[in-house]
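Student: Show me the folded form of this:
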Amino acid sequence: MNKKKKTSEGDAIPAPVEEDPQLLTQEQKDEIGNAAAEAAKLFGVEETMVTPATRLEFGDYQCNAAVGLSKNVAMAPMDCAIKIVEGLRPLIGDIMEEPEIAGPGFINLRFKKEHLERSVESMAKDTKRRAVPLAGKKLKIVVDFSSPNIAKEMLVGHLRSTIIGDTLSNVRSSLDMR
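Tutor: Numbering: from 1, shown residues only. Here you go, the predicted structure:
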C-alpha cells in the first residue's frame, strides 16, 4: 500500500515503494532452481559404471555405485547394494555367479565358468567372423588411402599409408559395413 506524505505546501506525494527484502529476483530463483536440480542428480556415470576388478579376489568386475548412491537416497550403503543386486539378478542369471557384496557396499561380479566355456566354443566355431559382432546399423564409410603412381619410385611413405588404408578397409569389411 502506497502511503502519501504531505509536503510543506500541502501537496501529497507518493512515498517511494520499498522492495520486499523477502522477494527474490528471477535470476536468484533460477540460480536456486539450477542448484537444486544439480543436487538432485543421484549420481554420475563414473559412479555407476561396472569396471574390471582391481584385484583378482574381487572377481571379474566390480560396481561401487551403492556407496555413492546411498548418500543421495538416504540409505545405508549395504542396503543400497542389496537393492542393486536384487535388480541385477534377473539380468545376469545365466552369465554371472551370484553377486557378492563386500565391505560397505561394493558389488563383485564373477563370470560363470559355463558361460565362459560356451563363449569360447562359439568363438572357435565362428571361423568367418572370429567372434566379431555385426554392425547394428550399416554405415557407408569411405576409406581414402594412397594409390601411388607406379611409374615413379615407390617410397616407404607410400607403403605406410597403403597398409593403414588397406587394414582399415579390411576392418570395415569384417564389421559388415559398406
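
Student: What is the least confident helix or strand in this structure?
Tutor: One helix or strand of the chain scores below all others by mean pLDDT, DSSP states H and E: strand 4-6, with a mean of 54.

Student: Could I get the average pLDDT for the strand or helix carrying residue 163?
Tutor: Following DSSP states H and E, the helix or strand that holds residue 163 is helix 156-174. Averaged across helix 156-174, the pLDDT comes to 81.

Student: who touches it?
Tutor: Under the criterion Cβ atoms under 8 Å, 6 or more residues apart in numbering, residues 129-130, 132, 141, 143-148 lie in contact with helix 156-174. (Each C-beta comes from the backbone N, C-alpha and C, glycine too.)

Student: and if you look at stretch 75-85?
Tutor: By Cβ under 8 Å, 6+ apart, stretch 75-85 touches 63, 65-67, 69-70, 73, 99, 101, 104-107.

Student: which pair in the residues you listed spans the largest distance?
Tutor: The largest separation in the contacts of stretch 75-85, counting by Cβ to Cβ, is between 73 and 99 at 19.2 Å.

Student: What segments of this structure are helices?
Tutor: 26-40, 45-48, 65-73, 77-92, 113-125, 156-174 (DSSP state H).

Student: need the least confident one among the ones you listed, by mean pLDDT.
Tutor: Lowest mean pLDDT within the helices of the chain: helix 45-48, at a mean of 57.

Student: sorry, back to before: more neighbours: which of residue 73 and residue 99?
Tutor: Counting neighbours by other Cβ atoms under 10 Å for residue 73 and for residue 99 shows that residue 99 has the greater number, 21 against 12.
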